[in-house]
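Visitor: Coordinates for the following, if possible.
(2 chains)
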Amino acid sequence: MLMSDLNIVFTAIMPEILVTCLALVVLVLDFFLRGRSKLILGYLAMLGLLAILPVAVISVVPEASFGGTVTADRFAAFFNVIFILAGTLALAVSTVYLKHSDALKGEYYVIILFATLGMMVMASASDLMSIYVGLELMALCFYILVALGRDTGRSMEGALKYFILGAFSSGIFLYGMSFAYGFSGSTNLADIARQAELGAFEDPFLVLAVVLIAVGFAFKVALFPFHLWAPDAYQGAPTPVAALLSVGSKAAAFAVFMRIFLVAFPEFQPQWSKLMWLLSALTMIFGSVVAISQKNIIRMLAYSSIAHAGMIVIGLLVFNRTGVSGVLYYLLVYLFMNLGAFSVVALAGKTESGGLNISDCKGLAARYPLTSLFMALFLLALAGVPPTGGFTAKFFILASAVDAGYYWLAALGVTTTAVALFFYARVIYYMYMKEPEGQPITVQTGVVGTWVLLIAAAGTLISGLYPAPFMEFATHAIEPLIR
Amino acid sequence: MTATDIPAAFPILSLLVFFPAAGAVFIVLVLKKEWQDGIRWSALAVSLATFFLSVYLVSAFDTSTAALQWVEKTAWIERFGIHYFLGVDGISLLLVVLTTLMTVICVLASWTEIQTKLKAYMALFLFSETAVLGVFLSMDLFLFYIFWEVVLIPMVFIIGIWGGRRKLYSSIKFFLFTFTGSLFMLLGILTLYFFQGRMTGQYTFDATLLFQNPVPPQIQNWIFVALFLGFAVKVPMFPLHTWLPDAHTEAPTAGSILLAAVLLKLGTYGFIRFSLPLLPNASSFFAPLMIALSLVAILYGAYVTLAQKDIKKLIAYSSVSHMGFVMLGIFVLNLEGLKGGLLQMINHGISTGALFLLVGMIYERTHRRQIEDFSGLFKPLPVYGLCFFIVLLSSMGMPTTNGFIGELLVLIGAYKAHWFYALPAVIGVLLGVAYLLWLFQRVFLGEYSFSGPNPLKDLGHREIITLVPIIVLVFWIGLYPHPFLKITDASLNRLVEVVGDNARKAALVAPSSGATFEGPAIVRQNVNQPWGGVPIHYVDE
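Guide: Predicted structure coming up:
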């Protein structure tokens, strides 16, 4: 094989290279810094990652490179933007969150950077092997990060649950990939697609491959019934990590799933759509209903994440242009509103006994009007109330479902949204309409924290009031995957 | 309705819609919260300016045409055919003025009642005004939906923060009920969008374009149900009305005024503006059911009102009954009914808004609102009693008051459709007289006894100022309704035409699998139109 056949184009992986370098720099610097000065590492990581954002946007190499394992197309660039923004905001919140913590280790920042790297690898991977490498890189980093929480008991529990279930699901994923390889003789998605086209719809190994990969995906995205790790992992993890987990790892899993199923197995769509229909419906119902009974805010947000994932899957299973671009748009908007909500929770100082409870929010608006306003905005966005981006995202997805004729699913989505409003509104009610009780919590935002909230709020509102550019961005990005 | 739409030289409607919000932002950011007087006067100034602007619109309105006026239309989300599209015609203009007038009255009513978090309170009312005006002026379904939902948010806070004992329960009930209904309405809108797009090749949310290409009747039925869920919760129609008594009773005075006078009109407006012209076949298909529900609302609402002990709850339930009248007027599907329905919307806004205003006055003085706490109030409060009585007359539809004109038109329309429809409606009127007069008798007449600490003071200047416009309107519309009806004339005539045309068009579009247009008896009465259009008659005023 000639080198030129392999198409070694370093531009394609330039963002990944830069992130690696940044992570290594932070790692080395960690040796030379002690104690409080480690905070510099946080700022360095955050600003460095932000600086890589423009590189990610322009490093688009549409053809497959590196022997077909990397395809840094517009789709990958879109997701890289999401990952870098998520990583930056999570790092920014971490610098505030970890200020008074003894978990102020430099490795924390390094591992977040590597997790982001793993996500970026996943997004541009067009070969089953590179997908797996990226997946494991991201997952292993997250296992460690979840264990770094301040409440060691809960963190260990969450991390262990996540690790065990994650390891199993990665194994299942790999098993499915091996069947796909066995069927087609190649791990390259394009090759698999060619083989699948040639026939053998009923080939049992291919069906197995599809099912197993779907299960692996469902776990990573925390769909019912593979969601069991999510609430404990989110609660045990440091809150910025939970934020990154809920946004970044979900988006990465969706990126991988879309690439595999839209590129390699599009003919299987009728079958996996049915499976996804069931998962989506059950997830939305489960996530919305169980969240009502939660007393801890992070667990509530975890279940809300589960419900949102269920809705995003609708965009996938309807298999039309609106749907898949809706998925991308939803993930982008979800980044802003979810990170915003988690950031507010992170900035509220309570750390012991499981973290912030919903009852701790009582009367928050009187003492912290601005923070409460931001939180109310993010919660209304998550609930899908106009004029926020949360509404336009739901609109996009519901539109695709109605277009494709999935009326029952759309009605179910709408019903669960209505149900979910209750627990989102409950927090708002507690903040504004109840008197504080028990130990008052303190919210320290600082400059960095305020910036994070402002950026998240800006993203949420702009995507609600003037969503056209974001929608165009998403529709533009999905083009490479739709033949 | 598109060919003759009159574009605006100056975005006056946007100014009208967003000026209150801008004022609210100014109040929140610029004014200090300790300067309570400044906050009040600023809010008053903003709402008065908006009111005068809407009055200007009335004076400059061309009543001879049904075309949308002062149209503003810019592309918003091209991909979906969504535009920022504002326009006003005879159907919405009166509602716009009602909204702006009521907001002024709300600001004045809260002058002394609200002492805490005044900035937020005034800002919320102004934001609410923006949202409601946006609903009435939007002609793009997506934009309409956005404003429709945004209306909820300020009211949720108003009830929840400044409300009465059960404010949280009422607020969340209101929020959940209306949000759920609206979400199903969204599905209906989306279904309409896609079917219409597939039919014509042009995917758009522009209502004026959608009016021209109705979808087949079978689809219309489904969409009608979906839109019904959204609109009916807001009206509120029986049996989706249960949020109303709680919300109205627990809200602060101005909140109740705004809810009753303005927010309740959103639902019926939605039916007139969208359900009827977009889904004409479905409208006549479901008309018997809608009429039945309206009659139930009239009778049941009135019956329950008789049993109430809390004045505010009494007025709230009477709203259910009155809105039943409006819905009756709309769904008899003839011109008189529509005219009556639309006018009753304005009348109900005026009279019920005034009733809540009056209750607020007595509540502010005594902190009681149970009927049994009062007796013989006419003696110490003659002016108050007189005003209360005038508003009662308006609410029960006494001739020379506005209520009579509206009710009369609705009854004519109902009787025209079928004599049986008018019968329960008339009984409803009688029950209305009963509960209102009985209320008056128990509270104002008889021996004066009130065991409060201070002697009761009659109406102050500010309170009289809030009541003057109401009393003026009560008699103006009651004695000389022509200017008001003239505004709605052209647009309602056009609406009736469009409904008839669209019914025919849609029936032609229907698949040839034997589905013919089967309207109910009330529509088939029309002689010359075998497909069953809507009869057009002119009522001499």
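Visitor: how close does residue A:91 get to residue B:201?
Guide: Applying CB to CB, to the nearest Å, the value for residue A:91 to residue B:201 is 49 Å. In this view, the C-beta of every residue, glycine as well, is placed from N, C-alpha and C.
Visitor: higher neighbour count, the two?
Guide: Per other CB atoms under 10 Å in any protein chain shown, whichever of residue A:91 and residue B:201 has more neighbours is residue A:91, with 28 against 7.
Visitor: What is the stretch of helix or strand that one belongs to packed up against?
Guide: Element membership for residue A:91 (DSSP states H and E) is helix A:74-97. Contact partners of helix A:74-97 among helices and strands, from 3 or more CB pairs under 8 Å, 6 or more residues apart in numbering or on different chains; DSSP states H and E: helix A:39-58, helix A:106-124, helix A:239-244, helix A:250-259, helix A:321-347, helix A:446-465, helix A:468-478.
Visitor: does any part of the last one sit near chain B?
Guide: Yes: using CB under 8 Å from any CB of the partner chain, helix A:468-478 comes into contact with chain B via A:468, A:471-472, A:475.
Visitor: So what's the residue count around the one residue in the stretch 201-350 of chain B that gets nearest to chain A?
Guide: Nearest residue of the stretch 201-350 of chain B to chain A, counting by CB to the nearest CB: residue B:222, 8.3 Å away. Residue neighbour count, defined by other CB under 10 Å, stands at 18 for residue B:222.
Visitor: Mind checking what secondary structure it has?
Guide: helix (DSSP: H, G, I helix; E, B strand; the rest coil).
Visitor: dump the residue contacts of it.
Guide: B:188, B:191 (CB atoms under 8 Å, 6 or more residues apart in numbering or on different chains).
Visitor: was I right about residue B:6 contacting residue B:69?
Guide: Yes: using CB atoms under 8 Å, residue B:6 is in contact with residue B:69, at 4.7 Å.
Visitor: so the biggest strand by length in chain B versus helix A:468-478, what angle?
Guide: Counting residues, the longest strand in chain B under DSSP state E turns out to be strand B:69-77. For strand B:69-77 against helix A:468-478, the angle between stretch directions is 30 degrees (axes from the mean of the first three to the mean of the last three CA atoms, to 10 degrees).
Visitor: residues in contact with strand B:69-77?
Guide: With CB under 8 Å, 6+ apart, strand B:69-77 has contacts from A:466-468, A:471, B:5-8, B:11-14, B:57, B:61-62, B:82-89, B:139-140, B:142-143, B:206.
Visitor: taking those one by one, which sit in helices?
Guide: Judged by DSSP state H, helices contain the following of these: A:468, A:471, B:12-14, B:57, B:142-143.
Visitor: wait, which of the residues you listed is closest to residue B:502?
Guide: Here the nearest of the ones in helices among the contacts of strand B:69-77 to residue B:502, counting by CB to CB, is residue B:142; it sits at 21.0 Å.
Visitor: and the closest one, what does it touch?
Guide: Neighbours of residue B:142 in contact, by CB under 8 Å, 6+ apart: A:395, B:76-77, B:80, B:82, B:189, B:205.
Visitor: Tell me the helices and strands packed up against the strand or helix carrying residue A:234.
Guide: Per DSSP H and E: residue A:234 is located in helix A:229-236. Judged by 3+ CB pairs under 8 Å, 6+ apart, helix A:229-236 is in contact with helix A:128-147, helix A:152-184, helix A:239-244, helix A:297-317.
Visitor: of all the ones you listed, which lies closest to residue B:229?
Guide: Smallest distance to residue B:229 across the helices and strands packed on helix A:229-236 (CB to CB): 20.2 Å, for helix A:297-317.
Visitor: is chain B contacted by the closest one?
Guide: No: Helix A:297-317 lies out of reach of chain B by CB under 8 Å from any CB, never closer than 12.5 Å.
Visitor: next one: that helix to chain centre, how far?
Guide: 10 Å (CA atoms, centre = their mean, to the nearest Å).
Visitor: Report the mean per-residue pLDDT for that helix.
Guide: Averaged over helix A:297-317, pLDDT sits at 94.
Visitor: what does stretch B:114-124 give?
Guide: 90.
Visitor: Same check on stretch A:242-260?
Guide: Regarding stretch A:242-260, the rounded mean pLDDT is 93.
Visitor: Figure out the length between the terminal residues of that stretch.
Guide: End-to-end span of stretch A:242-260 (CA to CA, to the nearest Å): 26 Å.
Visitor: mind showing which ranges of chain A have poor pLDDT?
Guide: A:1-5, A:100-104, A:150-151, A:199-202, A:349-355, A:483 (pLDDT under 70).
Visitor: need the residues of it near chain B, please.
Guide: Counting by CB under 8 Å from any CB, the residues of chain A that sit close to chain B are A:380, A:385-387, A:391, A:395, A:398-399, A:402-403, A:407, A:410-411, A:414-415, A:417-418, A:421-422, A:425-426, A:429, A:432-434, A:466-468, A:471-472, A:475.
Visitor: From those residues, keep the buried residues only.
Guide: A:380, A:385-387, A:391, A:395, A:398-399, A:402-403, A:410-411, A:414-415, A:417-418, A:421-422, A:425-426, A:429, A:432-434, A:467-468, A:471, A:475 (16 or more other CB atoms under 10 Å in any protein chain shown).
Visitor: dump the residue contacts of residue B:381.
Guide: B:456, B:458-459.
Visitor: Residue B:79 contacts residue A:475, doesn't it?
Guide: Yes: the pair residue B:79 / residue A:475 is scored as a contact, 7.0 Å apart, by CB under 8 Å.
Visitor: Could you report the neighbour count for the closest residue to residue A:341 other than its chain neighbours?
Guide: Distances taken as CB to CB, 6 or more residues apart in numbering or on different chains put residue A:378 closest to residue A:341, at 4.1 Å, once the chain neighbours are dropped. For residue A:378, the neighbour count with other CB under 10 Å is 29.
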